[in-house]
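Enquirer: Sequence plus the predicted model coming up.
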Protein chains: 2
Amino acid sequence: MPNPLTLKLQNFARFSDEDLRALDALTNINVRRLRAREDIVREGDDIKFVHLLLDGWAYRHKTLKDGRRQIIALMVPGDLCDPDIFLLKEMDHSLAALTPARFARLPREALDRFAEAHAAINRALRRDTLVMAAIQREWTVSLGQRSAFERLAHLFCELLLRLGNVALVRNNSFELPLTQHELAELTGITPVHVNRTLQQLRARNLIRWKGREFYIPDVEALKGAALFSSDYLHCGHEGVHVDVR
Amino acid sequence: MPNPLTLKLQNFARFSDEDLRALDALTNINVRRLRAREDIVREGDDIKFVHLLLDGWAYRHKTLKDGRRQIIALMVPGDLCDPDIFLLKEMDHSLAALTPARFARLPREALDRFAEAHAAINRALRRDTLVMAAIQREWTVSLGQRSAFERLAHLFCELLLRLGNVALVRNNSFELPLTQHELAELTGITPVHVNRTLQQLRARNLIRWKGREFYIPDVEALKGAALFSSDYLHCGHEGVHVDVR
DNA sequence: CGGCTCCTTGAGCCCAGTCAAAGTCCGTGG
DNA sequence: CCACGGACTTTGACTGGGCTCAAGGAGCCG
């Protein structure tokens, strides 16, 4: 079973055997386990590592002075936090585990050496960073323009594709470890309203969600309801691998 | 009068004379003038250039299938659009001039050669990209958690600092070339409500805005109202230049 | 002076927020 | 095996921030 980072990058790039070994090596550097809901770095902390999520889910978040909190980004296995982050002095947001999670914590030197030695991987990582930025932009669109109903639908579409990239989807269903409260902090709506909106999604048979198991009966219908277009994820189409040259 | 990119980068990095000449040279490559409200690249276009805004304002935007439009990001002079963008095949959003504007359109080869030859500048540009990402995250927080009133206040605080970095602020006042309609697309609220909210800001004497001239009488008060903290902009403090080593 | 575009105002409505209470699930310990 | 507690979900009733629709004013340019 390949590591999730390799899985993800292979959706659009091919690597030499040596590159593949190097990628595997990355995922063994300085691994740390976290409990669910534990912060790994906090806003204001010095920057010591680039974090690579190996297992479990995580999120970036930020809290306003008066306590309102926004989850800024979700991370799923294979996601990497800003390879260039060492150019900044301190964190402007916090990073936390959502479920029990495993992170590789890559120190600056290791990553610099790695980038020089493996140009193809380096490019793939930079590409991936661009996709993360595109996701952030799409969230901006969601929060700015989409209704509560559309926002939730959109989030689920995005997760379907992102988790699909790392082989965590089967038959349009995946594990969703979020509480409704966290969904609220993600989408900028109230927990109560999240609940009512989920009920609407269920009533229209756009989603099924029981325990941790999340299922999308009709992906196209959900995409339609979300005004979802997958372009921003820049996925390789239909397993066609695009060269990263 | 130095170019705005150099001005901005010098807020946190020092450059050799040769680097400074190289930066100036960048701003002369393939310059194009645009009229106000003209798209420079559209969603779906092939990626041919990295765009460097030399003069005027610009914005990234995205339109949903049903016509709702969100302005995703604002660009002011000195801002650069994703130095790594060539790793993607096509644009996932559009880029447009807000005012009459001048862009340098940097082709891939020029930028690659440049990055190799000028390591310090390259690091400064990467750092700047991280700040742009942080701005995008902060907008996520605004759209998710801040009220209309706070969102507008926050935007104005951000612009004060960003424009200050490129010497476009004098006595807490600057040129604001946005219509209320565009402010609405930026903040995810209705034009009508933008109007009413601006009146509240004026009534509380937090802003003055006449014609193009925008003035902030009491910056600390506005920051307070916006729950604004400048950390995410990673500005050098008080003119202290931090080394980008 | 006419016709843009942009700003302003009013009235009514609705999506989503607030507050509060009940119901469900699940793990723990007696 | 059951009782308890805590976290999470669901429901109800009410409120309010922001949206909609519509009309009128202000500024600007040809």
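Expert: Structure's in. What do you need? Numbers count the residues shown, from 1 in each chain, chains lettered A, B, ... in the order given.

Enquirer: So, low pLDDT: which residues of chain A?
Expert: A:1, A:236-245 (pLDDT under 70).

Enquirer: per the record, what domains does it have?
Expert: Per the record, chain A has its domains at A:4-118, A:136-239, by automatic domain parsing.

Enquirer: now those domains in a markdown table, with mean neighbour count and distance to residue B:143?
Expert: Any C-beta I mention is one placed from the backbone N, CA and C, and that applies to glycine too. Formatted as a markdown table, the domains of chain A follow (neighbours: other C-beta atoms under 10 Å in any protein chain shown; distance: least, C-beta to C-beta, whole Å):
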| stretch | mean neighbour count | distance to residue B:143 |
| --- | --- | --- |
| domain A:4-118 | 18 | 9 |
| domain A:136-239 | 18 | 4 |
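
Enquirer: which one of those domains lies closest to residue B:233?
Expert: Closest approach to residue B:233 among the domains of chain A (C-beta to C-beta): domain A:4-118, 8.5 Å.

Enquirer: and the closest one, anywhere near DNA strand D?
Expert: No: using C-beta under 7 Å from any atom of the strand, domain A:4-118 stays clear of DNA strand D, with a minimum separation of 7.7 Å.

Enquirer: Just checking that domain against DNA strand C, any contact.
Expert: No: if you take C-beta under 7 Å from any atom of the strand as the test, domain A:4-118 misses DNA strand C, and the best it gets is 8.8 Å.

Enquirer: Next: stretch A:201-213.
Expert: Yes: counting by C-beta under 7 Å from any atom of the strand, contacts between stretch A:201-213 and DNA strand C involve residue A:211.

Enquirer: Would you pull up how far that stretch lies from the middle of the chain?
Expert: Centre-to-centre, stretch A:201-213 and its host chain are 21 Å apart (C-alpha atoms, centre = their mean, to the nearest Å).

Enquirer: Show the end-to-end separation of that stretch, please.
Expert: 15 Å (C-alpha to C-alpha, to the nearest Å).

Enquirer: And the contacts of it?
Expert: A:149, A:152-153, A:156, A:173, A:175-177, A:198, A:214-218, A:221-222, A:225 (C-beta atoms under 8 Å, 6 or more residues apart in numbering or on different chains).

Enquirer: From those, which land in strands?
Expert: A:173, A:175, A:214-215 (DSSP state E).

Enquirer: between these, which is closest to chain B?
Expert: residue A:214 (22.0 Å; C-beta to the nearest C-beta).

Enquirer: which helix is the longest one in chain A?
Expert: The longest helix of chain A (DSSP state H) is helix A:119-145.

Enquirer: What angle do helix B:119-145 and that one make with each other?
Expert: Relative orientation of helix A:119-145 and helix B:119-145, computed by axes from the mean of the first three to the mean of the last three C-alpha atoms, to 10 degrees: 30 degrees.

Enquirer: chain center to helix A:119-145: distance?
Expert: Distance, centroid of helix A:119-145 to centroid of chain: 10 Å (C-alpha atoms, centre = their mean).

Enquirer: That one and chain B in contact?
Expert: Yes: interface with chain B: helix A:119-145 contributes A:123, A:126-127, A:129-131, A:133-134, A:136-141, A:143-145 (C-beta under 8 Å from any C-beta of the partner chain).

Enquirer: quick one, what contacts the residue most central in space within chain A?
Expert: Nearest to the geometric centre of chain A sits residue A:75, at 2.9 Å (C-alpha atoms, centre = their mean). By C-beta under 8 Å, 6+ apart, the residues touching residue A:75 are A:53, A:57-60, A:81.

Enquirer: go again using 6 Å as the cut-off
Expert: A:53, A:58 (C-beta atoms under 6 Å, 6 or more residues apart in numbering or on different chains).

Enquirer: Next up, phi/psi of it, please.
Expert: Dihedral angles of residue A:75 (phi, psi; degrees, to the nearest 10) stand at phi -120, psi 130.

Enquirer: Who is it paired with across the strands?
Expert: residue A:58 (DSSP bridges).

Enquirer: That one and chain B: what is the separation?
Expert: Distance, residue A:75 to chain B, using C-beta to the nearest C-beta, to the nearest Å: 13 Å.

Enquirer: where exactly do the strands run in chain A?
Expert: In chain A, strands defined by DSSP E lie at A:31-34, A:39-41, A:49-55, A:58-63, A:69-75, A:94-97, A:101-107, A:173-175, A:208-210, A:213-215, listed in chain order.

Enquirer: Tell me which of those lies nearest to residue B:231.
Expert: strand A:58-63 (10.1 Å).

Enquirer: elements contacting that closest one?
Expert: Based on contacts counted as 3 or more C-beta pairs under 6 Å, 6 or more residues apart in numbering or on different chains; DSSP states H and E, the elements that strand A:58-63 packs against are strand A:69-75, strand A:94-97.

Enquirer: if we go to 10 Å?
Expert: strand A:39-41, strand A:69-75, strand A:94-97, helix A:180-187, helix B:119-145 (3 or more C-beta pairs under 10 Å, 6 or more residues apart in numbering or on different chains; DSSP states H and E).

Enquirer: The longest helix of chain A and DNA strand C in contact?
Expert: No: contact between helix A:119-145 and DNA strand C is absent, the nearest approach being 10.4 Å (criterion: C-beta under 7 Å from any atom of the strand).

Enquirer: How far does stretch A:51-69 stretch from one end to the other?
Expert: Between the opening and closing residues of stretch A:51-69 there is a gap of 22 Å (C-alpha to C-alpha).

Enquirer: Now find how far off-centre it is within its chain.
Expert: Chain-centre distance of stretch A:51-69: 11 Å, with C-alpha atoms, centre = their mean.

Enquirer: swap in stretch A:102-115?
Expert: Relative to its chain's centre, stretch A:102-115 lies at 19 Å (C-alpha atoms, centre = their mean).

Enquirer: Now chain A against DNA strand D: closest residue?
Expert: DNA strand D sits closest to residue A:180 of chain A, with a gap of 3.2 Å, by C-beta to the nearest atom of the strand.

Enquirer: give the contact list for that residue.
Expert: Applying C-beta atoms under 10 Å, 6 or more residues apart in numbering or on different chains, one finds that residue A:180 lies in contact with A:190-195, A:197-198.

Enquirer: Likewise for residue A:152?
Expert: Contacts for residue A:152 (C-beta under 10 Å, 6+ apart) come out as A:142, A:146, A:183-184, A:186-187, A:189, A:194, A:197-198, A:200-201, A:206-207, A:222, A:225-226.

Enquirer: hmm, back to that, greatest separation within the ones in strands among the contacts of stretch A:201-213: which pair is it?
Expert: Once C-beta to C-beta is applied, these give A:175 and A:215 as the farthest pair, at 10.7 Å.

Enquirer: on that earlier part again, dump the domains of chain A to CSV, plus distance to residue B:118.
Expert: Shown next, in CSV, are the domains of chain A (distance: least, C-beta to C-beta, whole Å):
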stretch, distance to residue B:118
domain A:4-118, 15
domain A:136-239, 28
